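Colleague: Got a predicted model here, sequence first, then my questions.
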Amino acid sequence: MNNKYIGSNFDDFLAEDGILDETTAVAVKRVLAWQISQEMKRQKLTKTSMAEKMHTSRAALNRLLDEKDTSLTLTTLSSAASALGKKLRLELVSV
């Protein structure tokens, strides 16, 4: 039996199944949510105080911290970074 995935990488497999972009978005969101959560813990910020610093609601902060919710704006990310005394850096890289 010939396996069409031999010699390819995992990204090729995901792309062929049509889920590469979605999978990548979830992975990136998990990292961002984890980084924000860890920095909140380091600074001893509650969700309420973090939401106040971001000038948003706790519900919006909960969506930001939800690993599976990939629908967020750059404004929200930038606001979270600023509230934590950080800067947001995004870049496009060659594949």
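Modeller: Done, it's in.

Colleague: Where does the prediction get shaky in the protein?
Modeller: 1-8, 10-20 (pLDDT under 70).

Colleague: Next secondary structure after the helix ranked longest in the chain?
Modeller: Ranked by number of residues, the top helix in the chain under DSSP state H is helix 20-42. On the C-terminal side of helix 20-42, the closest following helix or strand by DSSP states H and E is helix 47-54.

Colleague: who does that next one touch, helix- and strand-wise?
Modeller: If you count contacts as 3 or more C-beta pairs under 8 Å, 6 or more residues apart in numbering; DSSP states H and E, helix 47-54 packs onto helix 58-65, helix 74-83. From N, CA and C alone the C-beta is placed, and that goes for glycine too.

Colleague: how about the ones you listed in a markdown table, adding distance to residue 25 and mean neighbour count?
Modeller: Formatted as a markdown table, the helices and strands packed on helix 47-54 follow (distance: least, C-beta to C-beta, whole Å; neighbours: other C-beta atoms under 10 Å):
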| stretch | distance to residue 25 | mean neighbour count |
| --- | --- | --- |
| helix 58-65 | 14 | 16 |
| helix 74-83 | 13 | 16 |
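
Colleague: can you redo those helices as a markdown table with distance to residue 91?
Modeller: Listed next are those as a markdown table, based on distance: least, C-beta to C-beta, whole Å:
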| stretch | distance to residue 91 |
| --- | --- |
| helix 58-65 | 21 |
| helix 74-83 | 13 |
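
Colleague: Nearest to residue 36, out of the ones you listed?
Modeller: helix 74-83 (5.5 Å; C-beta to C-beta).

Colleague: how far away is the residue most central in space within the chain from residue 68?
Modeller: Central residue of the chain (C-alpha atoms, centre = their mean): residue 29, 1.8 Å from the mean position. According to C-beta to C-beta, to the nearest Å, residue 29 and residue 68 sit 8 Å apart.

Colleague: Now for the two: what residues contact both?
Modeller: Shared contacts of residue 29 and residue 68, defined by C-beta atoms under 8 Å, 6 or more residues apart in numbering, are absent.

Colleague: before we move on, back to that, test my guess that the residue nearest to the centre of the chain contacts residue 71.
Modeller: No - taking contacts as C-beta atoms under 8 Å, residue 29 lies outside contact range of residue 71: 9.3 Å.
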